[in-house]
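Novice: mind looking at a prediction? Sequence and model below.
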2 protein chains.
Amino acid sequence: MTADDGDDRRWTIGELAEATGVTIRTLYHYDEIGLVTAGERTPAGHRRYTADDLRRLYRVRALRGLGLSLEEIADVLARPADDLTALRDLLGAQLAAAERRTVRLEQLKDRLGGLLRQLDRSVMPDAEQFMATLETLSVYDAYFAGDLRDHLARHRAELGADRLERVRAEWLELVREIRGHARAGTPVGDPRVQDLAARWQAMAAGLRIGDGERIGGGIREETGERIGERIRAAGEALWRDHGAQISQEVARDIDWLEPDDLPAVFAYLRRALDSTPASTPASAPDGAPEKDGE
Amino acid sequence: MTADDGDDRRWTIGELAEATGVTIRTLYHYDEIGLVTAGERTPAGHRRYTADDLRRLYRVRALRGLGLSLEEIADVLARPADDLTALRDLLGAQLAAAERRTVRLEQLKDRLGGLLRQLDRSVMPDAEQFMATLETLSVYDAYFAGDLRDHLARHRAELGADRLERVRAEWLELVREIRGHARAGTPVGDPRVQDLAARWQAMAAGLRIGDGERIGGGIREETGERIGERIRAAGEALWRDHGAQISQEVARDIDWLEPDDLPAVFAYLRRALDSTPASTPASAPDGAPEKDGE
DNA sequence: CTTGAACCTCCCGTCACGGGAGGTCCTACG
DNA sequence: CGTAGGACCTCCCGTGACGGGAGGTTCAAG
């Protein structure tokens, strides 16, 4: 199995490139870093690839196609031929990375789709408005960065588009009812207001972490509680720094909503929550469900 | 809307980085390439970013998050403020690219999953066998490259995993029946053999192009016929160059199949197809359904 | 012997930054 | 008033996996 397998054909670099579909330049590169070297050279210095080299090249290409880096490939190919543990670990990591990429890709597609719909809806919408939407998008990203964003994206994907739409509608209805009480001057201790506030809190918690996370920890290293708290804190900071901008954005899409309504509703709600005896201290009513450019 | 919007705050580079979540190094980079420059400098040369700069940075980050390159971003931001056509085109292209990436990612995950199952099935499988599987994988890729691979992946995704499994089982059944006739020495002109050959051809065509492609061309620039033919040719070349290796691979997974069976079946089948009066000339019975490391 | 294709090495460029070196500037504290 | 230490400046090299060109050598066919 080492060398003389009966097939002692030799390939020039051009033939090898042709046969395997890689470019000559790539073969030079692999030679340079010692990943796939020609077993022989002609007296003039031209590379002669052996059947072993060819097979090694096939393996390299396959592993590259699976997403491994050239360095990782060199590692696994340098190990004793019967040691597959490192390879399995790498492939597992690759699968996990691919799943993370899928989540991000789905989110990206959602956003692009939403923005394109917005662009086509009004044939030529106000460019300034559109740019403002973009700005808000990146503000969201700055506050829900890294694993927070992944978590939210995954959670939203689990919910599904239609259920999310229903949650959004329900949230809007809540906002409207609370605005009514705020305008009417209902005291925040009123049972109806307290009930609305409780529903609000439950809904916010449901948006942050899915039911699945609370039950079985499983692989997740971080418990749902902890990440939920971090999301809440991020939302609070987002609202503190950019609340005005966001409420403008939201109000523009909802015809019955004035730009000042959301801040008013939130302030009222915060008082309602703070007046509850058993409430978490100073817990801010966190932000609206993300809009994602829709 | 140009400058004096009432907000004449200035930010140092560190404050801007903190506020927007980008690194200082990135801001230097944007300055270098002229994408986001500080509107002012202190006498000592320190950057002072204005509110306009901040908003520009937000837009840049948003567009980056949507997948645009810095050059594309510079382009769209350089246009007159009410020209959104270029931006819409770019976002559309980005969405298309994201969809292509999704297809590839799904295929990658399928492969990784299949390989990992294979690795875990037999606790420590023969490393050489596993490496041979890898080699075959990259051989497939070399023959079904570029758009062909994308086409096949999309088509398989449309079929769905369970339906593909049934097709595979049906294909194996066909192989077994044909092998029976080949072993029994049934003449290739026999109606039963001709019927099997016809079923084979129909199945191969169905694997190459989906029903959808034949009916509505829609966006696809290339007709299903043309790409089907290219896939057939690629499969034929693959079988010509690597038939022996592939039939070994396939036979290893199917207990009733000998390594020499597939070549024999294919040769017999080719004779059967060639003997048909109205057959396409010298049409090779193209390769097995891809295994994808399962 | 010639000619053109294939091959060789060397080196610069890609993309969006990361990171370090070595120096200047700002601010708070003793 | 001096100084410490943090923030800031410019310059430049490195990343990963090659692409591409320059300029020269070798090979195979006519």
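Specialist: All right, it came through fine. Numbers count the residues shown, from 1 in each chain, chains lettered A, B, ... in the order given.

Novice: so who does whichever residue of the stretch 1-150 of chain A sits closest to DNA strand C touch?
Specialist: The stretch 1-150 of chain A approaches DNA strand C most closely through A:Gly14 (2.3 Å), counting by Cβ to the nearest atom of the strand. For the C-beta atoms, the positions are set from N, CA and C on the backbone; glycine is no exception. Contacts for A:Gly14 were tallied using Cβ atoms under 8 Å, 6 or more residues apart in numbering or on different chains; they are A:Ile24.

Novice: cool, A:Leu68 as well?
Specialist: Here A:Leu68 is in contact with A:76, A:90, A:94 (Cβ under 8 Å, 6+ apart).

Novice: pull out the buried members of these.
Specialist: A:76, A:90, A:94 (16 or more other Cβ atoms under 10 Å in any protein chain shown).

Novice: can you show me the helices along the stretch 51-200 of chain A?
Specialist: Secondary structure of the stretch 51-200 of chain A (DSSP state H, counting those that start in this stretch): helices at A:51-65, A:70-78, A:85-121, A:127-143, A:147-159, A:161-184, A:191-208.

Novice: list the buried residues in stretch A:30-42.
Specialist: A:30-31, A:35-38.

Novice: farthest pair within those?
Specialist: A:Leu35 and A:Ala38 (11.9 Å; Cβ to Cβ).

Novice: where does chain A have low pLDDT?
Specialist: Across chain A, the ranges flagged by pLDDT under 70 are A:1-6, A:123-125, A:210-225, A:276-294.

Novice: who in it is up against DNA strand D?
Specialist: Counting by Cβ under 7 Å from any atom of the strand, chain A comes close to DNA strand D at A:23, A:25-26, A:29, A:42-46, A:64, A:69-71.

Novice: which two of these have the greatest separation?
Specialist: Top of the distance list for the residues of chain A next to DNA strand D (Cβ to Cβ): A:Pro43 and A:Ser69, 35.6 Å.

Novice: neighbour count for those two, which is higher?
Specialist: A:Ser69 (11 against 5; other Cβ atoms under 10 Å in any protein chain shown).

Novice: how close does that one get to A:Phe130?
Specialist: For A:Ser69, the distance to A:Phe130 (Cβ to Cβ, to the nearest Å) stands at 39 Å.

Novice: residue numbers of chain A in contact with DNA strand C?
Specialist: A:12-15, A:24, A:28, A:38, A:45-47.

Novice: buried members of the residues you listed into ChimeraX, please.
Specialist: Selecting only the buried entries of these in ChimeraX, with 16+ other Cβ under 10 Å as the criterion:
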select /A:13,38,47
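
Novice: could you dump the residues of chain A next to DNA strand C to CSV with secondary structure?
Specialist: Output for those, formatted as CSV (DSSP: H, G, I helix; E, B strand; the rest coil):
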residue, secondary structure
A:Thr12, coil
A:Ile13, helix
A:Gly14, helix
A:Glu15, helix
A:Ile24, helix
A:Tyr28, helix
A:Ala38, coil
A:Gly45, coil
A:His46, coil
A:Arg47, strand
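
Novice: which pair of the residues of chain A next to DNA strand C spans the longest distance?
Specialist: So, the residues of chain A next to DNA strand C by Cβ to Cβ: farthest apart are A:Glu15 and A:Gly45, at 16.9 Å.

Novice: which residues touch the residue in the stretch 151-294 of chain A positioned nearest to chain B?
Specialist: Among all residues of the stretch 151-294 of chain A, A:Asp241 sits closest to chain B, at 8.0 Å; criterion: Cβ to the nearest Cβ. With contacts defined as Cβ under 8 Å, 6+ apart, A:Asp241 is in contact with no residue.

Novice: tell me the SS of it?
Specialist: Under three-state DSSP, A:Asp241 comes out as helix.

Novice: A:Ala17 versus that one, what's the distance?
Specialist: Applying Cβ to Cβ to A:Asp241 and A:Ala17 gives a distance of 55 Å.

Novice: what do you get for A:Asp141?
Specialist: 42 Å.

Novice: before we move on, what about A:Glu40?
Specialist: A:Glu40 is 17 Å from A:Ala17, by Cβ to Cβ.

Novice: related to what we said a few turns ago, closest one of the contacts of A:Leu68 to B:Leu207?
Specialist: For the contacts of A:Leu68, the nearest to B:Leu207 is A:Gln94 (27.4 Å; Cβ to Cβ).

Novice: wait, doesn't that closest one sit right on B:Arg111?
Specialist: No - with contact defined as Cβ atoms under 8 Å, A:Gln94 does not reach B:Arg111; the gap is 9.7 Å.

Novice: now list whatever residues contact both of these two.
Specialist: Common neighbours of A:Gln94 and B:Arg111 (Cβ under 8 Å, 6+ apart) are A:Leu66.

Novice: so is stretch A:143-157 next to chain B?
Specialist: Yes - interface with chain B: stretch A:143-157 contributes A:143, A:145 (Cβ under 8 Å from any Cβ of the partner chain).

Novice: the nearest residue to A:Gly39 once chain neighbours are set aside: what's it in contact with?
Specialist: Using Cβ to Cβ, 6 or more residues apart in numbering or on different chains and skipping the chain neighbours, the partner closest in space to A:Gly39 is A:Thr50 (3.9 Å). Counting by Cβ under 8 Å, 6+ apart, A:Thr50 makes contact with A:3, A:8-10, A:38-40.

Novice: measure A:Ser138 to B:Arg56 for me?
Specialist: Taking Cβ to Cβ, one finds A:Ser138 at 11 Å from B:Arg56.

Novice: single out the residue in the stretch 101-250 of chain A that lies closest to DNA strand D.
Specialist: A:Arg101 (15.3 Å).

Novice: thought that residue was touching B:Glu106?
Specialist: No - counting by Cβ under 8 Å, A:Arg101 stays clear of B:Glu106, with 10.9 Å between them.

Novice: overlap in contacts, these two.
Specialist: With Cβ under 8 Å, 6+ apart as the test, A:Arg101 and B:Glu106 reach no residue in common.

Novice: now A:Leu91: how far from DNA strand D?
Specialist: 15 Å (Cβ to the nearest atom of the strand, to the nearest Å).

Novice: now do the contacts for that residue.
Specialist: A:66, B:112, B:115-116, B:119.

Novice: please repeat the previous calculation with a cut-off of 10 Å.
Specialist: A:63, A:66-68, A:76, A:84, B:111-113, B:115-116, B:119 (Cβ atoms under 10 Å, 6 or more residues apart in numbering or on different chains).

Novice: and if you look at A:Leu112?
Specialist: Contacts of A:Leu112 (Cβ under 10 Å, 6+ apart): A:292-293, B:66-67, B:91-99.

Novice: same thing but at 7 Å, please
Specialist: B:66, B:91, B:94-95, B:98 (Cβ atoms under 7 Å, 6 or more residues apart in numbering or on different chains).

Novice: greatest separation within these: which pair is it?
Specialist: Pairwise across the contacts of A:Leu112, and taking Cβ to Cβ, the largest span is found between B:Leu91 and B:Ala98, at 10.2 Å.
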